[in-house]
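**Q** Here is a sequence together with a model predicted from it:
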Amino acid sequence: MQPITDIDIIQDSEDLDTPKQVSAEVDGTRNVYLETYGCQMNVSDSEIVASVLRKDGFGLTRNPDDADIVLINTCAIRENAEQKVRRRLSTFRSKKEKGRPDLTLGVLGCMAERLRHKLLDEEKLVDLVVGPDAYRDLPNLLHQANDSGQAAVNVQLSREETYADISPVRYDSNGVSAFVSIMRGCDNMCSFCVVPFTRGRERSRPMESILGECQQLVDAGFKEVTVLGQNVNSYRYDKNGKAISFAELLYQISLLSPDLRIRYSTSHPKDCSDELLHVHRERENVCNFIHLPVQHGNTEVLERMRRTYSRDEYLSLIDRARSIVPGISFSTDIIAGFCGETEEQHRDTLSLMELVRYDHAFMFMYSERPDTYAARKYEDDIPLDVKKRRLTEIIELQTGIAKEKNEEEIGRIHTVLVEGTSKRSDEQLCGRTDTNKMAIFDRLDFKKGDYAEVRVTDCTSATLLAEPMIVETAH
Ligand code: SAH
Ligand code: SF4
Ligand code: F3S
């Protein structure tokens, strides 16, 4: 889960570039160290990878020095995400060359397809390359690489694979919140984005298997699920000739237990239906928070980005959501310096941010990705210093808005799900509000997994400071 930090506004982007987790210890025939970069989908995929490997007798280790196999689950969303992974690979490669010749080094995930030739042939960095739809084949590929000493590759993308029957190993879980993957791939082809190339076509997991996994989580004491997909709200599953929508799926999950909170990520504005907004309104345990990436505030740029909505359509969606679900909170993704962006168009992004007043935003400089529509058709013509300056203006505006919005919270009461101890002090706990704001408050008798009523007393731009509500008993 996201760290508790004041620097929650991600500049190009710590969130995607820092490894999310390493594996927990389980001994096996050969031990695997697994490091994950990128989005929540990758984190969730690593849990599937761990499950596949464990079933086949492989062990997991937190320490790369103890590993026989190092697997890096990679991200390709921006150039710097790729560079980071390459540096990491080079580090492991030199370990292998300096006395660990038996070490197997593998690349999984979103860099696999595009960079397999480079990684295998030109740079000779890795022994194994496995794409996001080929994880069932991992044990086989690892044995193959081990036995033959030759590189093993499977980067085949699938139209069907959803890993529906694989129970993820939640090895680094806090025992309170879990990711549940419900669809894979993306058909949207936004002009800047590499994901449709790295992850393939959209496909949805059967509803029964999703409900089954969520029920198991409830039974195991989990209190929050975040259902995941590249374009999660385009979920659509045909059951006996009847199409199950994302709204219907969320509704069904919400019936499993009133104590289970439900979030989702990441959604596309085109699929944010009124039916879905009504589920937010009617179901208490479907959180009043939507991550709704806008990408840009100018209609002409949005058209070139192929986002399929205009500025006005996006703004009226926000208005509609706020009228159907009072108090709903939004976060977003924004790209600065897309091809051909004029100063005036950049100011449209700033003005849209002022109109919407997001609670949180992930903000990035445009980074050209090979083979995308934008790379083929448009010139990446905004100089780096201009991109940087525009991104800084966007970040500064958002920091101010987030601070003001948090100040408005002072005095309000929220129900917070306790996630664990605060990084600031052992005496304090942290947890999120329904609207996805991180709050820090005194421990008292609360423990992980409890719902705590707190009153906000102070804030930073990233965190709410709060005090637990003490219920006075009359004597
Ligand atoms: N499926 C999600 C986004 C996944 S990628 C959605 O459509 O909302 C996460 C974010 O990375 C995107 O929302 C976008 O803001 C950013 N991003 C994607 N490609 C990028 C690129 N080429 N340069 C900079 N940022 C990019
Ligand atoms: Fe990329 Fe667009 Fe698909 Fe999101 S919706 S993953 S930005 S192509
Ligand atoms: Fe990166 Fe792949 Fe996610 S490119 S952002 S890990 S879908």
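**A** Here it is on my side, so go on. Ligands and ions are numbered 1, 2, ... in the order given.
**Q** if you go through the stretch 51-200 of the chain in chain order, where are the strands?
**A** Using DSSP state E, counting those that start in this stretch, the strands found in the stretch 51-200 of the chain span residues 59-60, 69-74, 104-109, 128-130, 152-154, 177-181, 183-184.
**Q** Tell me which of those lies nearest to ligand 2.
**A** strand 183-184 (11.0 Å; C-beta to the nearest ligand atom). Placement of C-beta: from N, CA and C, glycine included.
**Q** Which secondary structure elements does the closest one sit against?
**A** strand 203-204 (3 or more C-beta pairs under 8 Å, 6 or more residues apart in numbering; DSSP states H and E).
**Q** For the strand it packs on, what is the distance to the chain centroid?
**A** Strand 203-204 sits 18 Å away from the centroid of its parent chain (C-alpha atoms, centre = their mean, to the nearest Å).
**Q** and the chain, what are its domains?
**A** Domain assignment for the chain by automatic domain parsing gives 12-154, 174-287, 288-408, 413-468.
**Q** Under the pLDDT cut-off, which ranges of the stretch 201-350 of the chain? List them.
**A** Within the stretch 201-350 of the chain, no stretch has pLDDT under 70.
**Q** Contact residues of the stretch 201-350 of the chain facing ligand 2?
**A** Contact residues, the stretch 201-350 of the chain versus ligand 2 (C-beta under 6 Å from any ligand atom): 230, 231, 268.
**Q** residues near the second one, how many?
**A** I take that to be residue 231. Counted by other C-beta atoms under 10 Å, the residues lying close to residue 231 total 22.
**Q** I'd like to know how far it sits from ligand 3.
**A** Note on residue 231: its distance to ligand 3, by C-beta to the nearest ligand atom, to the nearest Å, is 11 Å.
**Q** contacting residues for that residue?
**A** Contacts for residue 231 (C-beta atoms under 8 Å, 6 or more residues apart in numbering) come out as 183, 186, 187, 188, 202, 266, 267, 268, 271.
**Q** Could you rerun that using 7 Å?
**A** Residues counted as contacts of residue 231 (C-beta atoms under 7 Å, 6 or more residues apart in numbering) are 186, 188, 202, 268, 271.
**Q** repeat for residue 465
**A** Residues counted as contacts of residue 465 (C-beta under 7 Å, 6+ apart) are 440, 457, 458, 459.
**Q** Can you go through those and name the buried ones?
**A** 440, 459 (16 or more other C-beta atoms under 10 Å).
**Q** re earlier: may I see the contacts of residue 231 arranged in CSV, with neighbour count and distance to residue 251 as well?
**A** Below are the contacts of residue 231 laid out as CSV (neighbours: other C-beta atoms under 10 Å; distance: C-beta to C-beta, whole Å):
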residue, neighbour count, distance to residue 251
186, 21, 24
188, 18, 24
202, 19, 21
268, 20, 20
271, 17, 16
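**Q** Of the contacts of residue 465, which is the nearest to ligand 2?
**A** Nearest to ligand 2 out of the contacts of residue 465 is residue 459 (C-beta to the nearest ligand atom; 30.7 Å).
**Q** if I read this right, the closest one contacts residue 408, doesn't it?
**A** No - with contact defined as C-beta atoms under 7 Å, residue 459 does not count as touching residue 408 (9.2 Å).
**Q** In the stretch 201-350 of the chain, what residue comes closest to ligand 3?
**A** Counting by C-beta to the nearest ligand atom, the stretch 201-350 of the chain gets nearest to ligand 3 through residue 230 (6.0 Å).
**Q** what's the burial count for that residue?
**A** 23.
**Q** next one: the one 4 residues further on
**A** The tally of other residues near residue 234 (other C-beta under 10 Å) stands at 19.
**Q** do residue 147 as well
**A** Neighbours around residue 147, by other C-beta under 10 Å: 9.
**Q** For stretch 219-237, buried residues please.
**A** The neighbour-count check on stretch 219-237 (16+ other C-beta under 10 Å) flags 222-237 as buried.
**Q** Might you report the residue contacts of the residue in the stretch 351-475 of the chain positioned nearest to ligand 2?
**A** Nearest residue of the stretch 351-475 of the chain to ligand 2: residue 372, at 8.8 Å (C-beta to the nearest ligand atom). The contact partners of residue 372, by C-beta under 7 Å, 6+ apart, come to 191, 192, 193, 194.
**Q** Those residues into CSV, with extra columns for neighbour count?
**A** What follows is the contacts of residue 372, written out as CSV (neighbours: other C-beta atoms under 10 Å):
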residue, neighbour count
191, 19
192, 26
193, 21
194, 25
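**Q** Kindly indicate which of those lies nearest residue 76.
**A** Here the nearest of the contacts of residue 372 to residue 76, counting by C-beta to C-beta, is residue 194; it sits at 5.2 Å.
**Q** Can you tell me the SS state at the nearest residue to the closest one once chain neighbours are set aside?
**A** Once flanking residues are discounted, residue 194 sits nearest to residue 369: 4.1 Å by C-beta to C-beta, 6 or more residues apart in numbering. Look at residue 369: counting by DSSP: H, G, I helix; E, B strand; the rest coil, its state is coil.
**Q** What is the neighbour count of the closest residue to residue 145 other than its chain neighbours?
**A** Nearest residue to residue 145, sequence neighbours excluded (C-beta to C-beta, 6+ apart): residue 152, at 4.2 Å. As a burial measure, residue 152 scores 23 neighbours (other C-beta under 10 Å).
**Q** gap between residue 152 and residue 335?
**A** For residue 152, the distance to residue 335 equals 36 Å [C-beta to C-beta, to the nearest Å].
**Q** Run through the bridge partners of the residue nearest to residue 145.
**A** residue 128 (DSSP bridges).
**Q** Go ahead and confirm it touches residue 128.
**A** Yes - counting by C-beta under 7 Å, residue 128 is a contact partner of residue 152 at 5.2 Å.
**Q** So which bits of the protein are right by ligand 3?
**A** 16, 38-39, 41-42, 75-77, 109-110, 194-195, 198-199.
**Q** Let's have the residues of the stretch 201-350 of the chain next to ligand 2 in TSV, adding secondary structure.
**A** Shown next, in TSV, are these (three-state DSSP):
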residue	secondary structure
230	coil
231	coil
268	coil
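**Q** Which of these sits closest to residue 447?
**A** Taking C-beta to C-beta as the measure, residue 447 lies nearest residue 230 of these, at 34.9 Å.
**Q** Not counting sequence-adjacent ones, nearest residue to the closest one?
**A** In space, residue 230 is closest to residue 186, 4.1 Å off (C-beta to C-beta, 6+ apart).
**Q** swap in residue 63?
**A** Residue 63's closest residue in space is residue 33 (C-beta to C-beta, 6+ apart), at 7.0 Å.
**Q** what packs against the strand or helix carrying the one you found?
**A** Taking DSSP states H and E as the criterion, residue 33 maps to strand 31-36. If you count contacts as 3 or more C-beta pairs under 7 Å, 6 or more residues apart in numbering; DSSP states H and E, strand 31-36 packs onto helix 40-55, strand 59-60, strand 69-74.
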